[in-house]
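J.: Output the structure for:
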Amino acid sequence: MAYLVASAERRDLRAIQESSPAIWRRVRRYNLPIQLALAAAEEVITTSRDTGSAVVISLAPCQPGSADLYRWGDVVTSGMASGTLGDLRMNPTQTLHAVDNLAMSAFAITYGNQAECLGLGGAAGQAWCGLEAVMEKLDGVAADQSVGTEEVLLMAGDQDATDESAAGIGVALLFSKDARPYLDCTVRLVRIERKVQPYVSNIRPHAATGLCELLAAIGKQKQGLLSYDVPREQTDGYSSISIVVEIGS
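T.: As a prediction, this is how the structure comes out:
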């Protein structure tokens with residue numbers, strides 16, 4: 001069984017700075033997608049029964065990097081064109097902005113998490129692969145079940161662009177093998193249905209948007225089965241995906 005027991009979305013860095021200064025100190029060195037993903041993860045992990053043993057699944061941003069990193073790249077490329085790198089300086093933390101599994105690694109270090117982890121690359125439709133991995137771990141169908149999994153944290157962060165004014169979203173979902181209240185009800189992830197379809201080219205790669213829209217659909221559902229059809233632009237372009245969720249009292 002895979003029950004959704006907590007979720008969080010973060011979109012405003014200023015709000016994090018003002019309301020959660022301790023979290024801001026831990027995430028400020030990273031780029032926008034990672035800052036928001038970690039802030040969301042830190043919010044939901046407070047409901048975990050054991051932060052050190054929860055399996056962690058992290059989605060890399062489809063739009064990685066930062067304005068700082070791209071400015072540095074421009075200096076390098078223009079310098080190489082002139083035969084010298086000139087006055088090249090780089091803040092060492094800027095190199096972190098190109099690390100795919102940064103959110104997962106930073107989270108594990110902060111919470112001393114030593115459980116299994118999975119980093120999924122920044123490609124379109126990876127969010128649904130993440131949900132499938134959640135079910136595999138909690139439903140006990142993964143290849144190695146020598147150690148039982150009780151909780152799985154799924155987190156993602158992404159941004160619209162890598163300029164200074166870019167908007168970003170961070171989202172985190174905590175799943176448990178045991179039923180626990182979520183929004184005054186129980187939410188069980190029943191199955192994920194996939195069908196291969198002719199390719200569509202209008203996909204919008206974004207690690208966090210699809211999960212946020214799924215959460216919104218769950219929040220609107222009162223009781224019973226919800227069959228959420230993932231918009232085709234939020235898939236890999238080849239898949240038709242439905243998320244079946246059971247909402248109980």
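
J.: how about the helices in the protein?
T.: Using DSSP state H, the helices of the chain run over 13-19, 21-27, 32-44, 67-81, 102-111, 126-139, 209-220.

J.: mind listing what's buried in the fifth one?
T.: Along helix 102-111, these residues count as buried under the neighbour rule (16 or more other C-beta atoms under 10 Å): 102-108, 110-111. No exception for glycine: its C-beta is placed from N, CA and C like everyone else's.

J.: Same check on the fourth one?
T.: Applying a neighbour-count criterion of 16+ other C-beta under 10 Å, one finds 67-69, 72, 75 buried in helix 67-81.

J.: Dump the residues you listed into JSON lines; add distance to residue 23 and pLDDT as well.
T.: Shown next, in JSON lines, are the buried residues of helix 67-81 (distance: C-beta to C-beta, whole Å; pLDDT from 0 to 100):
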{"residue": "67", "distance to residue 23": "22", "pLDDT": "73"}
{"residue": "68", "distance to residue 23": "21", "pLDDT": "77"}
{"residue": "69", "distance to residue 23": "23", "pLDDT": "73"}
{"residue": "72", "distance to residue 23": "27", "pLDDT": "72"}
{"residue": "75", "distance to residue 23": "32", "pLDDT": "73"}
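
J.: Just send the residues you listed back as JSON lines, with distance to residue 199 too.
T.: Listed next are the buried residues of helix 67-81 as JSON lines, based on distance: C-beta to C-beta, whole Å:
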{"residue": "67", "distance to residue 199": "33"}
{"residue": "68", "distance to residue 199": "36"}
{"residue": "69", "distance to residue 199": "31"}
{"residue": "72", "distance to residue 199": "36"}
{"residue": "75", "distance to residue 199": "38"}
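
J.: Report the helix or strand with the lowest average pLDDT across the protein.
T.: Within the chain, no helix or strand scores below helix 67-81, which has a mean of 74 by mean pLDDT, DSSP states H and E.

J.: Report all helices and strands that that helix contacts.
T.: Using 3 or more C-beta pairs under 8 Å, 6 or more residues apart in numbering; DSSP states H and E as the contact definition, helix 67-81 packs against no other helix or strand.

J.: quick one: that helix to helix 32-44, angle?
T.: Helix 67-81 and helix 32-44 meet at an angle of 150 degrees, taking axes from the mean of the first three to the mean of the last three C-alpha atoms, to 10 degrees as the criterion.

J.: distance of the residue nearest the centre of the chain from residue 7?
T.: By C-alpha atoms, centre = their mean, the chain has its centre lying nearest to residue 156, at 1.3 Å. Per C-beta to C-beta, to the nearest Å, residue 156 is found 12 Å from residue 7.

J.: quick one: common contacting residues for those two?
T.: Residues touching both residue 156 and residue 7 comprise 171-172, with contact defined as C-beta atoms under 8 Å, 6 or more residues apart in numbering.

J.: which stretches of the protein have low pLDDT?
T.: Applying pLDDT under 70 to the chain picks out residues 85-94, 97, 141-147.

J.: how about 80 then?
T.: Within the chain, the segments meeting pLDDT under 80 span 66-100, 140-148, 164.
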